[in-house]
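> please work out how this folds:
(4 chains)
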Protein chains: 2
Amino acid sequence: MATKVFIVDDHYMVIEGIRSLLQNDAEIKWLGHASNAASCLAFIQSNPPDVILMDINLPDKSGIDLCKEVREKYPQTFVIGLSTFNQFSFIEKMLQYGASGYLLKNADRSEILQAISTVMRGQQYLSSDASQTVKHAKAETVTMLTRREKEVLALIAEGLTNAEIAESIFVSVSTVDTHRKNLLQKLHAKNTAALVKLAIDQGLL
Amino acid sequence: MATKVFIVDDHYMVIEGIRSLLQNDAEIKWLGHASNAASCLAFIQSNPPDVILMDINLPDKSGIDLCKEVREKYPQTFVIGLSTFNQFSFIEKMLQYGASGYLLKNADRSEILQAISTVMRGQQYLSSDASQTVKHAKAETVTMLTRREKEVLALIAEGLTNAEIAESIFVSVSTVDTHRKNLLQKLHAKNTAALVKLAIDQGLL
DNA sequence: ATAAAAATCCCGAAAATGGGGGATTGGCTG
DNA sequence: CAGCCAATCCCCCATTTTCGGGATTTTTAT
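Got it, this is the predicted structure:
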């Protein structure tokens, strides 16, 4: 059965471009388009699509909020983020709010089809540029640890207590404690055990 | 300068065997032998050797205790354990109590010389059989974790607290606590951080 | 030069861990 | 059957970490 696709974007050219790219594909059923969040919501209420290609910059509401709302109301509808910006913060937020994929507007026909079929299989699709960005951003998270934090991290993994670490790097326990807190935050770890695991997973130890 | 070697063993054949193997070597000065711990201690008091080849089974005292005593009183004297038993628990204890090496009684001339020169350089020498055993034993330590312990270990690494783990595997916190303590012991970890690191290093996670 | 980031320090309370114990049950094995 | 081991549970108590704040001083980068 053909996948029902809908698009929300305030740039007419983009809508037309994608329509012409997809309309003759047997696997795709073109449901229509909207140029703002409100009309998008109105439309999909009566015609739930399988996939929404969703611009991140909408006139009345950010695509990120719209994504969240759609996903809450129509969990069976997949959202693919669409934007000219290959920025990690956007990609991250879209995915966080339930988007299944992310495309840049320079995507060609095959990439769009690929993205649609991938998310329809329940998997996540990121354009190669986007996944590069995500990778970089994550690599940055890795190197985002400061010199001191890395030192402390290594010593924690050795099994030293804060007091011991403090002695060994000649600072007060308070300082080590702060570094530790920052490490937990930066690596999104709940506690020391998870911290060490994540650090090793990310090649920090 | 020739290395002064002394031997303690209650089997005369072994003493003779080693003596004949070593006596014509320019690098070795044969100090003598004892057949029990007491006479060994008496001898070395006046003639401190560089290396003692020490049997693990002595009539008056275990080689393990003797090793400990010798190392405490004569730290400049290296001890090489000697036995027919290739048992990890023996090897482990000897090394723990300060032995620098471990030989099996089927060692040939070159291996004995090798062992002596290695420990004289301050390094540790294990016969290939013994080091195999140590390796195996360590590998066993890995699999020596019980089913439950492995479960708990995995959950600890996920960052769950004891209480959360207890809930998730339907046992009391006390049980989890016990498993955790056993894990720390078995992996020789000082605390959770070290535990996770060691576990990952050993391929347990 | 000035703002941002990193590194340093402190307090205090709640939560979790670490290190001793000890005890019971059920299975398996010599 | 007796002994061992895994798994379960409990107590006590000291130490350590975690989680809230703040706060100050260096560095670093623009």
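> can you give me the buried ones in stretch A:6-25?
A:6-9, A:14-15, A:18, A:21-22, A:25 (16 or more other C-beta atoms under 10 Å in any protein chain shown). (Glycine included, C-beta is placed from N, CA and C.)
> what about residue A:77, neighbour count?
Close neighbours of residue A:77, defined as other C-beta atoms under 10 Å in any protein chain shown, add up to 18.
> do I have it right that it meets residue A:48?
Yes: counting by C-beta atoms under 8 Å, residue A:77 touches residue A:48, with 5.9 Å between them.
> for the helix or strand hosting residue A:29, which helices and strands make contact with it?
Using DSSP states H and E, the element containing residue A:29 is strand A:28-34. Packing partners of strand A:28-34 (3 or more C-beta pairs under 8 Å, 6 or more residues apart in numbering or on different chains; DSSP states H and E): strand A:3-8, helix A:12-22, helix A:37-46.
> now render the ones you listed as TSV, adding mean pLDDT and distance to residue A:113.
Formatted as TSV, the helices and strands packed on strand A:28-34 follow (pLDDT from 0 to 100; distance: least, C-beta to C-beta, whole Å):
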stretch	mean pLDDT	distance to residue A:113
strand A:3-8	91	10
helix A:12-22	82	8
helix A:37-46	90	21
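> which one of these lies nearest to residue B:173?
Residue B:173 sits nearest to helix A:37-46 of all the helices and strands packed on strand A:28-34, at 47.8 Å, using C-beta to C-beta.
> give the buried residues for that closest one.
In helix A:37-46, counting by 16+ other C-beta under 10 Å, buried: A:37, A:40-41, A:43-44.
> could you pick out which of those residues are near DNA strand D?
With C-beta under 7 Å from any atom of the strand as the criterion, no member of the buried residues of helix A:37-46 is in contact with DNA strand D.
> for those, give me CSV that also has distance to residue A:109.
Output for the buried residues of helix A:37-46, formatted as CSV (distance: C-beta to C-beta, whole Å):
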residue, distance to residue A:109
A:37, 26
A:40, 23
A:41, 28
A:43, 24
A:44, 24
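> looking at those, which is nearest residue A:59?
Nearest member of those to residue A:59, counting by C-beta to C-beta, is residue A:37, at 8.1 Å.
> doesn't residue A:58 make contact with the closest one?
Yes: the pair residue A:37 / residue A:58 is scored as a contact, 5.0 Å apart, by C-beta under 8 Å.
> shared neighbours, the two?
Applying C-beta atoms under 8 Å, 6 or more residues apart in numbering or on different chains, one finds that residue A:37 and residue A:58 are jointly contacted by A:8, A:66.
> show me the contacts for residue A:125.
A:80, A:100-103, A:114-115, A:118-119.
> now with 7 Å, please.
Applying C-beta atoms under 7 Å, 6 or more residues apart in numbering or on different chains to residue A:125 gives the contacts A:100-101, A:114-115, A:118-119.
> quick check: phi and psi at it.
Main-chain torsions, residue A:125, degrees, to the nearest 10: phi -120, psi 120.
> over to residue A:159?
According to degrees, to the nearest 10, residue A:159 has phi 100, psi 10.
> that one: what's it in contact with?
Counting by C-beta under 7 Å, 6+ apart, residue A:159 makes contact with B:189-191, B:193-194.
> pull out the buried residues from these.
For the contacts of residue A:159, a burial check counting by 16+ other C-beta under 10 Å picks out B:189, B:193-194.
> restricted to helices, list these.
B:193-194 (DSSP state H).
> for the buried ones among the contacts of residue A:159, which one is nearest DNA strand D?
DNA strand D lies nearest to residue B:193 out of these, by C-beta to the nearest atom of the strand, at 7.1 Å.
> from residue A:179, how far off is the closest one?
Look at residue B:193 and residue A:179: by C-beta to C-beta, to the nearest Å, they are 14 Å apart.
> how about residue A:1?
55 Å.
> okay, these two: which has more neighbours?
For residue A:1 versus residue A:179, neighbours defined as other C-beta under 10 Å are more numerous around residue A:179 (24 against 6).
> looking at the helices and strands packed on strand A:28-34, which is closest to DNA strand C?
Closest to DNA strand C of the helices and strands packed on strand A:28-34, according to C-beta to the nearest atom of the strand: helix A:37-46, at 31.5 Å.
> name the next helix or strand downstream of that closest one, please.
Assigned by DSSP H and E, the successor of helix A:37-46 is strand A:51-55.
> identify the residues contacting that following strand?
A:3, A:5-10, A:18, A:63, A:66-67, A:70, A:77-83, A:116, A:119-120.
> ok, and of those, which contact chain B?
Checking the contacts of strand A:51-55 against chain B by C-beta under 7 Å from any C-beta of the partner chain, not one of them is in range.
> which parts of chain A are helices?
Under DSSP H, chain A gives helices at A:12-22, A:37-46, A:63-73, A:88-96, A:109-120, A:128-143, A:147-158, A:162-169, A:173-186, A:192-201.
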